[in-house]
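**Student:** What shape does this take:
(one chain, ligands or ions: 1)
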Amino acid sequence: MPISYHEQSRVFRLDTPGSTYLIALVDDEGFLAHLYYGRPIPDCDLRHLLRLEEYPAPSQRNGERLTFYDMLPTEYSGHGVGDLRESCLSVETPQGARACCLTYLSHRIFRGKPKLEGLPATFGGQDDCATLDLVCQDPALGLRVHLIYTAFDHLDAICRSVLVENVSSSARRLNRVLSACLDMDNQAFDLITLHGCWGQERMISRAPLTWGRQGTASLRGISSHQEQPFLALAEHTATQTQGQVYAANFVYSGNFLAQVELRQQNDLRLVMGIHPTDFCWNLAPGARFQAPEVVLVYSSAGLDHMSHTFHDLYRRHLIRGPYRDRPRPALINSWEATYFDFDTQRLLALGRLAAQAGIELMVLDDGWFGRRNSDDSSLGDWTVNEEKLPGGLKHLAEELNKLGLKLGLWMEPEMVSPDSDLYRAHPEYALKIPGRAPTLARNQLVLDLSQPQVRQAVYRQISAVLRSAPIDYVKWDMNRTLCDVYSSALPPQAQGELYHRYVLGVYELQERLLSDFPHLLLENCCGGGGRFDPGMLYFSPQIWTSDNTDAIDRLRIQEGTALVYPLSAMGAHVAACPSHINRRTTDFITRGRVSLPGCFGYELDLAALSPEELAAIPAQLEEYRTYGHVFRTGDYYRLASFRENHEYDAILAVTKDKSLAVIDFVQVYSRLEQRSLRLPLAGLDPARRYRCQKTGQVLSGAGWMYGGLPLPKLKGDYLSCLIVLEAVEG
Ligand code: DGJ
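**Tutor:** As a prediction, the model looks like this:
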């Protein structure tokens, strides 16, 4: 059992293959202290690490209780009684008091992992993991708090969540409920976060941890292009393959706080959860609130092991559905091919070329419904525009099917255009504040998905569309952040619940869609990669990574994304050149190589390609079908980063049995090639022998890894090569 309680030392221990996590019960009062998290250790009684004798000694504690509260490395911080670091839980009584102080009540340890009510979360059965339900209480508040921990048997991941129960006889108002707290000593840490903007999502930032509070947060109602619900503390000397890393990722798609606070004593507190700004939750007597899950990953072997743990956890214990383990179809998306300017004839012409080249699915993007010929109308009116598509989607799908292509469809169910029949009939369905004109973005408003009748009105329409034709794939888009967050259906004291209720509404809609249409391949999207988070991955095995489809910009975007998320989740398409985003022109083959590790597709007008480019597609697809799976199911290693060296980028993936390794190398700027570049590899079995498919050379794994792979000299910018090493006997 990876979780146990040790009576004698009064310590809870959670063990994963490469980490130990210890929680101690302190004093008879039952404070829960965080004792240790790091490399595996067999001992339990590490109470000396708390240094309890150093700040007020137990004999003086009553007179100096505030110092005690403020110094104790706590498992989950309360509020308002003395711990002046970031609080995780703030609860208001009807009298207006806000203090909260938790002590141990009971615990339960069992195999498996319970579901989180209404929320996405990692899952695991009796054979995969064990769970600790550590129940705390605040008798003065009449509150019970479950700190829930799941440790996975074969992964260095611990998943945490918090369930709050009102066991009093009057109402309680939760003003903040964060999902995880980690108090530790600073170990010369760097803070790693992912920042960006539209078209430049998940840029890696790494800087030494400094005094005070720092981190990342979103108040946009979505996890956002700008921020990512992830942070890591890496030893300053940690590299891809060495050093300690503590990482946290929030399984949630709305407002979040991810913060580290470093104090003068060189101790730190890491917290993660729903952002307390504009949040509250009213708990009637007997009611419960489930906070979303945080995934903690520990690595003593650098960033690569951290990424492997997230990738494996998400591929096996978060992503669901028939496409989880299935190769994803190579697709063509109409957006950058036609934008709004299409009809059935034009789509079928594109389809014919796509089918001839070996593409399997055509995604009809924005513009097929209502009167939508630009982005200023019709969201909310999910009926086919028969002027553009006579015979509707059924006719289009049948014609595409005859060509051997499946049909996929874009939709944006969370939005409404003021110029729509839905809005004219139900203006109260949009988020807006009485007496104030709502702020438009991309000419649209956000539907109030906290209201069941709004969800029903949208679902009725989109499910009818999906039943009207053989549709195998849906791209669920979401093109603006939230503001004017007010619901005409909620009482004044519950308006602070709206951001979270909105996210729960999105989750409920997607769950309903998947259960009614279980064959669907769902791809989430948010004006590019504005909601690329583990919450969405629970519903869709792939997410559109960015609207920036320029191959060179994509190197950095995909590097930041793959730091946390499996490559099997990244939508990656070959797009037209000059790039619609930045006018850069890159080699067609290189565009394919940059997309190869992800969910591969095309997003361009095939008729506008040169004969040579069109002729190159079958070979590109062959490369994707032969080697793409190594990236999507194997272990991913970052060998070189263009972000750091400003010249070239290289990633390697190796199958789990280490029999096949593929190196995807992109030369961004050509170098003065006096000598070929020698690229040290990673992830091979040092003792096995591997043959390079290109040169026939056979060397040990150690020889390739430590001696390095000499790269072919490429003459020119934006060129690439794919190098395959296969294990050979003897
Ligand atoms: C934003 C998406 O990211 C694009 O791929 C495209 O679907 C447009 N929306 C359509 O409006």
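
**Student:** What number of residues are in the vicinity of the closest residue to the ligand within the stretch 51-200 of the chain?
**Tutor:** Proximity to the ligand, evaluated over the stretch 51-200 of the chain using C-beta to the nearest ligand atom, is greatest for W198 at 9.1 Å. The way it works is simple: take the backbone N, C-alpha and C, and place the C-beta from them, glycine included. Per other C-beta atoms under 10 Å, the neighbour tally for W198 reads 16.

**Student:** Was I right to think it contacts D547?
**Tutor:** Yes - look at W198 against D547 with C-beta atoms under 8 Å: they come within range, at 6.7 Å.

**Student:** shared neighbours of these two, anything?
**Tutor:** Both W198 and D547 are contacted by 527-528, under the criterion C-beta atoms under 8 Å, 6 or more residues apart in numbering.

**Student:** Could you tell me which helix of this protein is the longest one?
**Tutor:** With DSSP state H setting the assignment, residue counts place helix 611-633 as the longest helix in the chain.

**Student:** per the record, what domains does the chain have?
**Tutor:** 3-317, 639-728 (automatic domain parsing).

**Student:** one step back: state the mean pLDDT of the longest helix of the chain.
**Tutor:** Averaged across helix 611-633, pLDDT comes to 97.

**Student:** now stretch 539-548
**Tutor:** Stretch 539-548 comes out at a mean pLDDT of 98.

**Student:** what does the chain put close to the ligand?
**Tutor:** Within the chain, the residues that sit near the ligand (C-beta under 6 Å from any ligand atom) are 335, 365-366, 410, 477, 479, 525, 527-528, 544, 547.

**Student:** Which PyMOL command selects the buried ones in those?
**Tutor:** Listed next is the PyMOL selection for buried residues among these, using 16 or more other C-beta atoms under 10 Å:
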select buried, resi 335+365+366+410+477+479+525+527+528+544+547
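
**Student:** Tell me how many other residues crowd the closest residue to the residue of the stretch 51-200 of the chain closest to the ligand other than its chain neighbours.
**Tutor:** Counting by C-beta to C-beta, 6 or more residues apart in numbering, the nearest residue to W198 once its immediate chain neighbours are dropped is H225, at 5.0 Å. Neighbourhood size, H225 [other C-beta under 10 Å]: 26.

**Student:** just the helices in the stretch 151-300 of the chain please.
**Tutor:** In the stretch 151-300 of the chain, no segments count as helices under DSSP state H, counting those that start in this stretch.

**Student:** Any buried residues in stretch 16-27, and which?
**Tutor:** Judged by neighbour count (16+ other C-beta under 10 Å), stretch 16-27 contains these buried residues: 16, 18-26.

**Student:** Now the two most distant members of these.
**Tutor:** G18 and V26 (27.1 Å; C-beta to C-beta).

**Student:** Name the SS class of Y637, please.
**Tutor:** Under DSSP: H, G, I helix; E, B strand; the rest coil, Y637 falls in the strand class.

**Student:** That one and the ligand, how far apart?
**Tutor:** Going from Y637 to the ligand by C-beta to the nearest ligand atom, to the nearest Å gives 29 Å.

**Student:** isn't that residue right up against L684?
**Tutor:** No - in this structure Y637 lies outside contact range of L684 using C-beta under 8 Å: 9.7 Å.

**Student:** residues shared between the contacts of the two?
**Tutor:** Here Y637 and L684 have V654 as joint contacts, going by C-beta under 8 Å, 6+ apart.

**Student:** residues in contact with F369?
**Tutor:** When contacts are counted by C-beta under 8 Å, 6+ apart, F369 touches 378, 381-385, 465.

**Student:** ok, so of the residues you listed, who is nearest the ligand?
**Tutor:** S378 (11.6 Å).

**Student:** check contacts around that closest one.
**Tutor:** S378 makes contact with 369-372, 417, 419-420 under the criterion C-beta under 8 Å, 6+ apart.

**Student:** that older thread, chain center to the longest helix of the chain, what's the gap?
**Tutor:** How far helix 611-633 lies from its chain's middle: 26 Å, per C-alpha atoms, centre = their mean, to the nearest Å.

**Student:** which residue does the stretch 201-350 of the chain bring closest to the ligand?
**Tutor:** Residue nearest to the ligand within the stretch 201-350 of the chain: W335 (4.5 Å; C-beta to the nearest ligand atom).

**Student:** Can I take it that W704 is in a helix?
**Tutor:** Yes - counting by three-state DSSP, W704 is found in a helix.

**Student:** what sits against it?
**Tutor:** 681, 684, 690, 725 are the contacts of W704 under C-beta under 8 Å, 6+ apart.

**Student:** now the strands for the stretch 1-150 of the chain?
**Tutor:** Assigned strands in the stretch 1-150 of the chain, in chain order: 3-6, 11-16, 19-26, 31-38, 89-92, 103-111, 129-138, 143-152 (criterion: DSSP state E, counting those that start in this stretch).

**Student:** Disregarding residues adjacent in the polypeptide, which is nearest to L563?
**Tutor:** Once flanking residues are discounted, L563 sits nearest to S307: 5.8 Å by C-beta to C-beta, 6+ apart.

**Student:** Burial check on that neighbour, number of neighbours?
**Tutor:** Neighbourhood size, S307 [other C-beta under 10 Å]: 25.

**Student:** Could you do S420 as well?
**Tutor:** Other residues within reach of S420, judged by other C-beta under 10 Å, total 23.

**Student:** quick one: contacts for it?
**Tutor:** Shown in contact with S420 (C-beta under 8 Å, 6+ apart): 370, 377-381.

**Student:** Dump those residues into CSV; add pLDDT, secondary structure and distance to F256 as well.
**Tutor:** Shown next, in CSV, are the contacts of S420 (pLDDT from 0 to 100; DSSP: H, G, I helix; E, B strand; the rest coil; distance: C-beta to C-beta, whole Å):
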residue, pLDDT, secondary structure, distance to F256
G370, 97, coil, 34
S377, 98, coil, 33
S378, 98, coil, 32
L379, 98, coil, 26
G380, 98, coil, 28
D381, 98, coil, 33
